[in-house]
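> Following is a predicted model, sequence given first.
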Number of protein chains: 2
Amino acid sequence: MPDREGMREALAEWRPEIDREIERVLPRDLDADYLAEFFGAAHYEYDEAAIDDALSTPVWDLLDRGGKRWRAVAFLVLADGLGGDPAELLPYATIPEILHNGTIVVDDVEDEATMRRGEEAVHHRYGTDVALNAGNALYFIPLKIISRNPADLDPAARLRIYEMLTYELNRTHLGQGMDIRWHNDDAVDITEDAYMEMCACKTGSLGRIVGRLAAIVTGHDEQVEEALARYMEKVCIAFQIGDDILDVEHTIDADRAGDFGKAFGNDIHEGKKTLMTVHAVAHADPERARRLEGILADPASTEADVLEAIDVIQATDGVDYAREEAYRLSAEARAHLDDVPLSDDARAQMDEFARFVVERDA
Amino acid sequence: MPDREGMREALAEWRPEIDREIERVLPRDLDADYLAEFFGAAHYEYDEAAIDDALSTPVWDLLDRGGKRWRAVAFLVLADGLGGDPAELLPYATIPEILHNGTIVVDDVEDEATMRRGEEAVHHRYGTDVALNAGNALYFIPLKIISRNPADLDPAARLRIYEMLTYELNRTHLGQGMDIRWHNDDAVDITEDAYMEMCACKTGSLGRIVGRLAAIVTGHDEQVEEALARYMEKVCIAFQIGDDILDVEHTIDADRAGDFGKAFGNDIHEGKKTLMTVHAVAHADPERARRLEGILADPASTEADVLEAIDVIQATDGVDYAREEAYRLSAEARAHLDDVPLSDDARAQMDEFARFVVERDA
């Protein structure tokens, strides 16, 4: 997720420190001391080179390709704004970031993606076995930070973090499960509420982890935790909808300019369900709705098909409808901050962040 | 892992109850009430049918194919023998069992397995995307049992379980990482200690979870927990070595009987590293060692190749060496129980169990 104003400065300031901290969790080159400290002493003998190849190499290949680490930065801004010391809490900032990169690797296997951040997908470069094991390892490595306990949290806070992560990571798999099942169906017979729930679970869970974690590590109660969770969830859904709108708008612009390319109508080619297609199938006349479903289900859809699909979407004012929904979510997200005892600076940054995700044009 | 005497009765007695308990964690047919209770209320609306297809259907297909649930039963025998109430602790018995089935689904994708328990591998039947998401969900669903807290454990015990699971599930991925990297290498230039560590991490971690969990839920200290962890780890490694020996012995028997079939020398066909092949490569004369590596690396190895590989193993007394190692581990495992305050019945069952894994002939 790109940045804006206050968040931009925070991103630039923190990014190198976040990566150094991730290196403390999973070094670029593993050695015996690290393995013994982080994973416990070997009962026989670790094969450091094999573990390095299986874990550090694919993970750092992915991390070095980019990513703004906005989840880590949002955590730090919130924790700071709630009275915590960001320098002390930095290790916790890596938790959602590492989890996120784990889901990327696994999702790319599930979605049969070939590219990621402009290069080969991790499983294409290192094999599905190495990629999956490394991706899954990233689900558990960050949990270790809680027992390492760098901020000397009391046992109740540590238990609360474990229970929170269990709750959210279970929901992530519900969301991904819904998305996969829909993707494997040709029909788009899902409700808008189910679509929103899928986003809330799949995309929103990692965001909610950011908000909840900031509340817990700064000693705030469940009301603050829940408000920050809702703020982050809605920002994430709004961001997702914004992304989907941009894909359609870029396609319309490219068509007007006669500039077709490989990025033309990606989501429609891939048969991705979006708020716009769900809305269009429900509101277009039945014959056109079936045609839209047919184009989405067709892996060999042409440029003409994609443009026809967009026509069906636009006949139901799909882009405008989705944009209004995203704006509504952004406003709701900001309202969730009303009763959160944030510093003025952090409130302003989070307010801007929630506006940015719907106002950006790239 | 099959049974013997005391364990056989325990397996027969508990198996139906364990499956009913797993159904309480993940029902065969999900409904709205279950989803709201287990995963939390929907923020919008769950698509129950899609979640059922994505989660319950593939998971119960796998569970209904069999499996002795020996991890759950070993937990119940230990917990009972440590003074706990098995009926009350039954929900915790499902934790290692559900985790184990999750690793099966994921490992089959990683290993490109086509069959599992006599039927199509889960990812062949439901697609890699559904299988992986369901398999990964099984890593987090059982963690929820801890926060459900059916035995009313105090917060310190719950935190200890979360930290223990984090520790062990991280080690699982180290073990699988080593195994995958070795599998992708043609050379077998690993030490026996590294091989043992791989087993201890990959196979032993789930066993250790059984032992540790039994200690924690019955309120025992870290010394008891560690002793039971070591007992279970060594039983698991001994079982693994026993399995690998049986594969070689069945091949020798089939050769003598002229009875070649598709199960002929499976491990060698698949290029699997075992204690016997690691030992043979290190101790055979260099030319024969290279030939053994070549056969293991060759996906098109013939029956004659497999028999030649076994000759190299036997020239280093590989089977006898591995059997002695398994017996040694079994004895060490039993010795770990010496200072554990187990009931006589449980001690006898666990003693038999550790003997059985090395004495079985099928």
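All right, it came through fine.
> With A:Ala284 as the reference, measure out to the residue in the stretch 201-350 of chain A that chain B sits nearest to.
Closest to chain B within the stretch 201-350 of chain A is A:Glu233: 7.1 Å, counting by Cβ to the nearest Cβ. In this view, the C-beta of every residue, glycine as well, is placed from N, C-alpha and C. From A:Glu233 over to A:Ala284 the distance is 29 Å, taken as Cβ to Cβ, to the nearest Å.
> One more: A:His100?
Applying Cβ to Cβ, the value for A:His100 to A:Ala284 is 35 Å.
> Please name the nearest non-neighbouring residue to the residue in the stretch 1-150 of chain A positioned nearest to chain B.
Per Cβ to the nearest Cβ, A:Ala54 is where the stretch 1-150 of chain A lies closest to chain B, at 3.2 Å. Nearest residue to A:Ala54, sequence neighbours excluded (Cβ to Cβ, 6 or more residues apart in numbering or on different chains): B:Gly177, at 3.2 Å.
> residue contacts, that neighbour?
Going by Cβ atoms under 8 Å, 6 or more residues apart in numbering or on different chains, B:Gly177 touches A:50-51, A:54-55, A:130, A:133-134, A:137.
> Quick one: mean pLDDT over the longest helix anywhere in chain A.
Taking DSSP state H as the criterion, chain A has its longest helix at helix A:222-256. Helix A:222-256 shows a mean pLDDT of 95.
> Which residue of A:Glu233 and A:Ala284 possesses the greater neighbour count?
Between A:Glu233 and A:Ala284, A:Glu233 has the larger neighbour count (other Cβ atoms under 10 Å in any protein chain shown), namely 26 against 19.
> And for A:Glu308, the neighbour number?
Applying other Cβ under 10 Å, we find 18 residues neighbouring A:Glu308.
> actually A:Asp361, sorry about that
Residues near A:Asp361, counting by other Cβ under 10 Å: 7.
> dump the residue contacts of the residue most central in space within chain A.
Central residue of chain A (Cα atoms, centre = their mean): A:Thr203, 5.0 Å from the mean position. Taking Cβ under 8 Å, 6+ apart, we find A:Thr203 in contact with A:175, A:236-237, A:239-240.
> Need phi/psi at it.
With angles defined as degrees, to the nearest 10, A:Thr203 sits at phi -90, psi -30.
> what's near enough to touch A:Phe175?
Let me fix one detail, which is that residue A:175 is Gly and not Phe. With the criterion set at Cβ under 8 Å, 6+ apart, A:Gly175 makes contact with A:197-205.
> In CSV: those residues, plus secondary structure, pLDDT and distance to B:Pro142.
Converted to CSV, the contacts of A:Gly175 look like this (DSSP: H, G, I helix; E, B strand; the rest coil; pLDDT from 0 to 100; distance: Cβ to Cβ, whole Å):
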residue, secondary structure, pLDDT, distance to B:Pro142
A:Glu197, helix, 98, 23
A:Met198, helix, 97, 24
A:Cys199, helix, 97, 26
A:Ala200, helix, 98, 23
A:Cys201, helix, 98, 19
A:Lys202, helix, 96, 21
A:Thr203, coil, 94, 25
A:Gly204, helix, 97, 23
A:Ser205, helix, 98, 18
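> ok, back up a step: now that we have the contacts of B:Gly177, which one has the most neighbours?
Ranking the contacts of B:Gly177 using other Cβ under 10 Å puts A:Ala134 first, with 31 neighbours.
> so which strand or helix has that residue?
Assigned by DSSP states H and E, A:Ala134 belongs to helix A:128-140.
> list the helices and strands that helix packs on?
Here helix A:128-140 touches helix A:57-63, helix A:86-110, helix A:122-126, helix B:86-110, helix B:128-140, helix B:155-184, going by 3 or more Cβ pairs under 8 Å, 6 or more residues apart in numbering or on different chains; DSSP states H and E.
> So for A:Asn266, which of those helices sits nearest?
In terms of Cβ to Cβ, the element of the helices and strands packed on helix A:128-140 nearest to A:Asn266 is helix A:86-110, at 14.9 Å.
> got the contact list for the helix holding A:Ala134?
A:53-55, A:58-59, A:98-99, A:101-106, A:108-109, A:121-123, A:125-126, A:169, B:106, B:109-112, B:132, B:136, B:139, B:166, B:169-170, B:173-174, B:176-177, B:180-181, B:183-184.
> Just the angle for that helix relative to helix B:128-140, thanks.
Relative orientation of helix A:128-140 and helix B:128-140, computed by axes from the mean of the first three to the mean of the last three Cα atoms, to 10 degrees: 30 degrees.
> okay, now the domains of chain A?
The record's domain split for chain A, according to automatic domain parsing, is A:1-152, A:154-362.
> Now render those as a markdown table, adding distance to B:Phe260.
Output for those, formatted as a markdown table (distance: least, Cβ to Cβ, whole Å):
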| stretch | distance to B:Phe260 |
| --- | --- |
| domain A:1-152 | 29 |
| domain A:154-362 | 40 |
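> nearest to B:Leu228, of those domains?
Nearest of the domains of chain A (Cβ to Cβ): domain A:1-152, 14.5 Å.
> what does the stretch 201-350 of chain A put close to chain B?
Residues of the stretch 201-350 of chain A lying close to chain B (Cβ under 8 Å from any Cβ of the partner chain) are A:204, A:233.
> one step back: can you flag the buried ones in the contacts of helix A:128-140?
Buried members of these, scored by 16 or more other Cβ atoms under 10 Å in any protein chain shown, are A:53-55, A:58-59, A:98-99, A:101-106, A:108-109, A:121-123, A:126, A:169, B:106, B:109-111, B:132, B:136, B:139, B:166, B:169-170, B:173-174, B:176-177, B:180-181, B:183.
> Nearest residue to A:Ala200 in space, ignoring adjacent ones along the chain?
B:His43 (4.9 Å).
> residues contacting the residue in chain A sticking out farthest from the centre?
Seen from the C-alpha centroid of chain A, the residue lying at the greatest distance (Cα atoms, centre = their mean) is A:Tyr44, 38.5 Å away. Contact analysis of A:Tyr44 by Cβ under 8 Å, 6+ apart lists B:193-194, B:196-197, B:200.
> follow-up on the earlier one: who's in contact with the helix or strand just after the helix holding A:Ala134?
Heading C-terminal from helix A:128-140, the first helix or strand you meet, by DSSP H and E, is helix A:143-148. Residues outside helix A:143-148 that contact it (Cβ under 8 Å, 6+ apart): A:25, A:38, A:91-92, A:94-95, A:153, A:158, A:161-162, A:165, B:162-163, B:166-167, B:170.
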